[in-house]
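Peer 1: 3D model of this:
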Amino acid sequence: MSDARPIGVFDSGVGGLTVLRELHRQLPGEELVYIADLLHFPYGPRSLAEVRAYALRIISHLVGFDTKLVVIGCNTATAAALNAAREVFDVPIVGVIAPGAQAAVETTSNSRVAVISTLGTHESQEYVHALREANPGVAVLSKPAPDLVRIVEDGMADTPRADASLQAVLEEILEWGADTLVLGCTHYPLLKPALRRVVGDKLSIVDSAQTTAAKVLRVLKVNRLESGTVVAGRLRLLVTAQPQQFLSVARRLFGDDLEAPSITDPWSDVTTAPVAS
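Peer 2: Here you go, the predicted structure:
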């Protein structure tokens, strides 16, 4: 038995493409639909109630594409909307916080885990709860790093600007004695070259993309929702605004073979043709 319906993924910008890329690697036969909500970018400084409203509407829009599962490819939106979305929609919904937390507690040797994230994710304390749910004995230091999302969206992830911003936030984490760092925003894996320059091998780096994709694979198997095909699935990209900016940054980060995005409006359920690439 197979299910050819697509999987939906969304984020406020290009960061969720780290999750999309890993989903495509681990589930190559699945069709994926990605929405970047650049109309409301960034989510991090917004209230959780505001982000929840955006997320629920985007999930509803993705459900309209007959998706069989939705991934909230954004830590802030996961913190704000995952529980509410599971109460509203029948489709399986997977967030990125719990998989990342589980990976972190399995990685740490000294039970000291640090998390860097957007302000919204930090204030929600969802990572603290998830880490201590996975291992109640772990000590957690959560630090907001709001500048990093804009650095990534500006295409400056591997630059001295990124190094300086990371140095400022990681100094206290190193002094505290963490041996594991959770990248609590899906934009942050794009900063790994800068992270290695700043901390070397002093910290084990955990991002949720790999573990989230593995969880999606398990959910598909358990519910018999796998596509059952070996043919490469399509990656369909949608944005709520700024398609050319999105395409420019996305191709710089992920390669020139990405298709041009279409403009979509989850608030009116209208999607246009792809923009010229």
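Peer 1: which phi and psi does Gly155 have?
Peer 2: Phi and psi for Gly155, reported as degrees, to the nearest 10, are phi 70, psi 20.
Peer 1: What is the burial count for it?
Peer 2: 16 (other CB atoms under 10 Å). For the C-beta atoms, the positions are set from N, CA and C on the backbone; glycine is no exception.
Peer 1: next one: Ala250
Peer 2: When neighbours are counted by other CB under 10 Å, Ala250 registers 23.
Peer 1: Ala130 versus that one, what's the distance?
Peer 2: 28 Å (CB to CB, to the nearest Å).
Peer 1: Low-confidence ranges, the stretch 1-150 of the chain, go.
Peer 2: 1 (pLDDT under 70).
Peer 1: Which stretches in it count as strands?
Peer 2: 7-11, 32-36, 69-72, 93-94, 112-117, 139-144 (DSSP state E, counting those that start in this stretch).
Peer 1: So which of those strands is the most surrounded?
Peer 2: Of all those, strand 7-11 has the most neighbours on average by mean count of other CB atoms under 10 Å, namely a mean of 28.
Peer 1: Direction included, what does it pair up with?
Peer 2: When pairing is defined by DSSP bridges, strand 7-11 lines up against strand 32-36 (parallel), strand 69-72 (parallel).
Peer 1: what's in contact with the shortest one?
Peer 2: Outside of strand 69-72, the residues that reach it under the criterion CB atoms under 8 Å, 6 or more residues apart in numbering are 7-10, 19, 23, 55, 59, 62-63, 78, 81-82, 85, 89, 91-96, 212, 216, 219-220, 225.
Peer 1: Can I get it in PDB, CA atoms only?
Peer 2: The C-alpha trace of strand 69-72 is given here as PDB (Å, rounded to 0.1, in the frame of the first residue of the first chain):
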ATOM      1  CA  LEU A  69       1.800  15.000   7.000                       C
ATOM      2  CA  VAL A  70       3.000  18.500   8.000                       C
ATOM      3  CA  VAL A  71       6.400  19.400   9.400                       C
ATOM      4  CA  ILE A  72       6.700  22.700  11.300                       C
END
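Peer 1: what's the offset of that strand from the middle of its chain?
Peer 2: Strand 69-72 sits 11 Å away from the centroid of its parent chain (CA atoms, centre = their mean, to the nearest Å).
Peer 1: Give me the distance between the closest residue to Phe254 other than its chain neighbours and Cys185.
Peer 2: Nearest residue to Phe254, sequence neighbours excluded (CB to CB, 6 or more residues apart in numbering): Leu17, at 5.9 Å. To Cys185, Leu17 is 13 Å away according to CB to CB.
Peer 1: Nearest to Leu190, out of the strands of the stretch 1-150 of the chain?
Peer 2: strand 7-11 (12.2 Å; CB to CB).
Peer 1: Many thanks, we can stop here.
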